[in-house]
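> Next input, structure requested:
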Amino acid sequence: MQANADLWLAVYTHATVSDAAVARAAAIGGRWHILVLAEDWCGDAVNTLPVIARLVERVANLELRVLPRDANLDLMDSHLTNGARSIPVALVLRADYSEQGWWGPRPRELQAWVMGEGRVLDKPARYREVRRWYARDKGESTVRELLDVMVGAAS
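Numbering: from 1, shown residues only. Below is the predicted model of the structure:
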């Protein structure tokens, strides 16, 4: 990551994943790949990727790869959000790299707010509220929702 490098490092330094989430991920069994489409300038990516990285660091059966969205538009265009190339998008893949589902571009609760009442705010005010939401949530929604995709795929 080049853009916002200090912010990326700060979020990563403070990112944690609960023991319960680690146990839930490990219990899924098998080998899993998480392939994320993102760009370093994306505020949602800077708030979600570090916590996903921390999860992968703690769970032996997970592997993480990050690809730039703009260099992979064919893949991006098959994972649009309301017709938009919204990122990050985390694809959940089995050991054989078959796609089992995907998550993104942000936790459901925050997405609902951004698409609803957050739309009335100007961009700086909206982003300020988004950053506050991420700070309060501490990545818990991102991890839970990503693991929900994995659990659903495993069953």
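> and the residue lying closest to Leu146 once chain neighbours are set aside, how many neighbours?
Spatial nearest neighbour of Leu146, excluding adjacent residues (C-beta to C-beta, 6 or more residues apart in numbering): Trp103 at 5.0 Å. The way it works is simple: take the backbone N, C-alpha and C, and place the C-beta from them, glycine included. With neighbours defined by other C-beta atoms under 10 Å, the count for Trp103 comes to 24.
> cool, and the one 3 residues further on?
Look at Arg106: counted by other C-beta under 10 Å, it has 26 neighbours.
> cool, and Leu55?
24.
> for Glu145, same thing?
Look at Glu145: counted by other C-beta under 10 Å, it has 17 neighbours.
> And it, which helix or strand is it part of?
Counting by DSSP states H and E, the element that carries Glu145 is helix 140-154.
> what comes up buried for stretch 34-46?
34-40, 42, 44-46 (16 or more other C-beta atoms under 10 Å).
> Please disregard the earlier target; I meant stretch 122-131.
For stretch 122-131, the neighbour count (16+ other C-beta under 10 Å) marks 126, 129-130 as buried.
> can you redo those as TSV with secondary structure and pLDDT?
Putting these into TSV (DSSP: H, G, I helix; E, B strand; the rest coil; pLDDT from 0 to 100) gives the following:
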residue	secondary structure	pLDDT
Arg126	helix	94
Glu129	helix	96
Val130	helix	95
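> Just give me the closest of those residues to Leu146.
Val130 (18.6 Å; C-beta to C-beta).
> returning to that earlier point: which phi and psi values does the residue nearest to Leu146 adopt?
In terms of degrees, to the nearest 10, the main-chain angles of Trp103 are phi -130, psi 150.
> OK, contacts around it?
Neighbouring residues of Trp103 by C-beta atoms under 8 Å, 6 or more residues apart in numbering: 89-90, 92, 142, 145-146, 149.
> Among those residues, which one is most surrounded by other residues?
Going by other C-beta under 10 Å, Thr142 tops the contacts of Trp103 with 28 neighbours.
> what pLDDT does that residue get?
pLDDT recorded at Thr142 is 97.
> what helix or strand is the spatially closest residue to it that is not a sequence neighbour on?
By the measure of C-beta to C-beta, 6+ apart, the closest residue to Thr142 outside its immediate chain neighbours is Thr48, 4.7 Å from it. Applying DSSP H and E as the criterion places Thr48 in helix 43-58.
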